[in-house]
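J.: predicted model, plus sequence, below.
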Amino acid sequence: MASDAEIFASFSTKDISPSVSLEVCNRGFLSACVRVKEVSIMLAARRLTWARVRSAVAVMAPRGHSLPQAPRLLNNAACALHTRNRTAWQKALTAEEFTLSQTKPGTTIAAVNLLQDQKMLQVRWEDSSVESYPYIWLRDNCQCPNCYHPFSQARRVMLKDLDLSVACVDVKVSNAGEGVKMLWADGHQGTYDAHWLQERAFRGPKPEPRDRECRLRQQLVLHDDHALLTFLESMEVMGVAVVSDVPCEKDQIYSFAKRIGRLKSTPYGETFNMQTRMNPNNLAFTDDCLDMHTDLPCLAAKPEIQMLHVIKEFPGEGGETMLSDGFTAASKLKKNHPEYFDMLAKTLVDFVDVGIEDGVKFHICWRAPVIDLDVGGSIRTVNWHQMSRDSRFQVSSSEAAVKWYSAAFAFRDLLYDADNLVELKLQSGDMIVFDNLRVMHGRQEFCADQGERWLQGGYLEGDSLRSLRRVLREDIAA
């Protein structure tokens, strides 16, 4: 096997034989990304690698190769680095270079038109049919690596950074009708594949069910029933509690869970470790800022209680935990904007998570409204996850999509309102436990190359906690 240095040196050759493997290009490129820190050199390496891959595509495609490695190579290029250089790196890349067209034969754009007064992109297809796409939906679902994390297949754009007034200043059809390029007022360029757009048309039948290629101390809590009862009651009433001085060792979460409830297994396992990974299948495993969210709304039975044990907190600036009461925000929305509340309570949203964990592939999806009500009309749960909310939309028209965004933005503003937002820097040894049906959580960005951040998480069945609370009350009263 060739060394990394030999592979990197081979990028300077002008020709490529059909036997050259894209996997070799991939390995060499990743090695270059990890080792070379200067942005200018990284850009040169990336351009050189890209030219070589294109050459491989040109030679191998006519011979009938499907080139399944090519998308992975480009995805790796998008997220090989989570360092200080990431911003400069990504700004220098164009969305087009990270996109291998997936357009199917017969899906061709004939013309596009900007409906500025309606803030819509109008697309006329080759069969003369016409579809309109809202600017806000297009900007929210930009597929470039700055806006969409290719490995975790999660949206990186934060809802708090979007606005209904988003404006497009130019549009053109690209690649002979196989895509469209949009230049936004802030200078950002979005590239949208024709087949991708056609699959997400707002009018017409929707896929069913949808398919995608889709502060008590530890000793007291564990051993003192009075303290444990106080903890459980706080959790049930307030929605969140923090336990201090838990040993900073892996798997302490099992001992804690055994005392207060029963762990719920998910596609990420019975527990999961939140550490920065090279090829993350979830944005939680990066150093990105995480928008406010509830975990795993893509499951039919979303975990009710979440635990996060801080084994090692990031020592530098950044990484602060954000908490917001979703029930309070929803109640204020109902009082101040009942039409927005109804929109979020009645519109079904697709949530999707696709990946691989411990060698096991998973593809989970569920459809639910943002505000889920019980039969009595009370708020049962809030489903809010910007990163995994699918671009397919269960609305009848593009106008209805814009109305949904208006409602979502009003709800977003309440979540981030200073009266409803708590921001704290957790410390090593903290165990935070919160109601995942109610409490939103997020994270500020941090720089992974300045220190390690390691949290171990897990989920509990809410019924087991409530059962224990009743038992303790009865025992203490007796």
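T.: Received it, and whenever you're ready, just let me know what you need.
J.: helix/strand/coil for Met235?
T.: helix (DSSP: H, G, I helix; E, B strand; the rest coil).
J.: for it, give me its contacts.
T.: Residues near Met235 by CB atoms under 8 Å, 6 or more residues apart in numbering: 241, 305, 433-435, 465. Where C-beta positions appear, they are placed from N, C-alpha and C, glycine not excepted.
J.: repeat that for Ala185.
T.: By CB under 8 Å, 6+ apart, the contact set of Ala185 is 166-169.
J.: drop anything exposed from these.
T.: With neighbours counted by 16 or more other CB atoms under 10 Å, the contacts of Ala185 contain buried members at 166, 168.
J.: among the contacts of Ala185, which ones are in strands?
T.: Applying DSSP state E to the contacts of Ala185, the entries found in strands are 168-169.
J.: quick check: of the contacts of Ala185, which lies closest to Tyr148?
T.: Of all the contacts of Ala185, Tyr148 sits closest to Val166, with 16.5 Å by CB to CB.
J.: so that closest one sits against Tyr135, correct?
T.: Yes: judged on CB atoms under 8 Å, Val166 makes contact with Tyr135 at a distance of 5.2 Å.
J.: any common contacting residues for these two?
T.: The contact sets of Val166 and Tyr135 overlap at Lys119 (CB under 8 Å, 6+ apart).
J.: not counting the strand or helix carrying Lys258 itself, show me its contacts.
T.: Here Lys258 sits within helix 252-260, counting by DSSP states H and E. Contact with helix 252-260 is made by 218, 221-222, 228, 231-232, 243, 246, 263, 271, 307, 309, 431, 456-458, 460, 464-465, 468, as judged by CB under 8 Å, 6+ apart.
J.: recalculate using a threshold of 10 Å.
T.: Around helix 252-260, the neighbours that count as contacts under CB atoms under 10 Å, 6 or more residues apart in numbering are 218, 221-223, 228, 231-232, 235, 243, 246-247, 249, 263-264, 270-272, 305, 307-309, 311, 429, 431, 433, 455-461, 464-465, 468-469.
J.: restrict the residues you listed to the buried ones and give me that as a ChimeraX selection.
T.: Burial among those is assessed by 16+ other CB under 10 Å; the matching ChimeraX selection reads:
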select :218,221,222,228,231,232,235,243,246,263,264,271,272,305,307,308,309,311,429,431,433,455,456,457,458,459,460,461,464,465,468,469
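J.: quick check: the nearest residue to Leu426 once chain neighbours are set aside vs His149, distance?
T.: Nearest residue to Leu426, sequence neighbours excluded (CB to CB, 6 or more residues apart in numbering): Val310, at 4.8 Å. Going from Val310 to His149 by CB to CB, to the nearest Å gives 24 Å.
J.: so what angle separates the directions of the helix or strand harbouring Val243 and helix 252-260?
T.: Following DSSP H and E, one finds Val243 within strand 240-244. Strand 240-244 and helix 252-260 are oriented at 120 degrees to each other (axes from the mean of the first three to the mean of the last three CA atoms, to 10 degrees).
J.: dump the C-alpha coordinates for strand 240-244 into PDB.
T.: Output of strand 240-244 as PDB, limited to C-alpha atoms (Å, rounded to 0.1, in the frame of the first residue of the first chain):
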ATOM      1  CA  VAL A 240     -34.800  20.100  34.400                       C
ATOM      2  CA  ALA A 241     -32.300  19.400  37.200                       C
ATOM      3  CA  VAL A 242     -28.500  19.400  37.600                       C
ATOM      4  CA  VAL A 243     -26.600  17.000  39.800                       C
ATOM      5  CA  SER A 244     -23.000  18.000  40.800                       C
END
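J.: now it: buried residues?
T.: Buried, per 16+ other CB under 10 Å, within strand 240-244: 240-243.
J.: ranges for the helices of this protein?
T.: Listed in chain order, the helices of the chain (DSSP state H) span residues 4-10, 22-35, 39-60, 69-79, 86-91, 135-140, 194-199, 218-223, 225-238, 252-260, 326-336, 338-346, 398-415, 462-477.
J.: least reliable of those going by mean pLDDT?
T.: Ranked by mean pLDDT, the helices of the chain end with helix 86-91 at the bottom, a mean of 33.
J.: okay, now Asp353: neighbour count?
T.: Residues lying near Asp353 (other CB atoms under 10 Å) number 26.
J.: that one contacts Ala284, correct?
T.: No: the pair Asp353 / Ala284 is not scored as a contact, 11.3 Å apart, by CB atoms under 10 Å.
J.: shared neighbours of these two, anything?
T.: Counting by CB under 10 Å, 6+ apart, the residues touching both Asp353 and Ala284 are 152, 154, 268, 387.
J.: among the residues you listed, which are located in strands?
T.: Using DSSP E, Ala154 are the members of those that sit in strands.
J.: can you flag the buried ones in the shared contacts of Asp353 and Ala284?
T.: Buried by 16+ other CB under 10 Å: 152, 154, 268, 387, out of the shared contacts of Asp353 and Ala284.
J.: Throw those residues into JSON lines and include distance to Val123 and pLDDT, thanks.
T.: Formatted as JSON lines, those follow (distance: CB to CB, whole Å; pLDDT from 0 to 100):
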{"residue": "Ser152", "distance to Val123": "29", "pLDDT": "81"}
{"residue": "Ala154", "distance to Val123": "26", "pLDDT": "88"}
{"residue": "Tyr268", "distance to Val123": "38", "pLDDT": "91"}
{"residue": "Met387", "distance to Val123": "27", "pLDDT": "91"}
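J.: closest one of these to Tyr340?
T.: For those, the nearest to Tyr340 is Met387 (22.3 Å; CB to CB).
J.: find the nearest non-adjacent residue to that closest one, please.
T.: Nearest non-adjacent residue to Met387, counting by CB to CB, 6+ apart: Ala154, 3.7 Å away.
J.: ditto for Phe411
T.: For Phe411, ignoring the flanking residues on the chain, the nearest one in space by CB to CB, 6+ apart is Leu333 at 5.4 Å.
J.: residues in contact with the one you found?
T.: Leu333 makes contact with 339-345, 371, 407, 410-411, 413-415 under the criterion CB under 10 Å, 6+ apart.
J.: with that, I have no additional questions.
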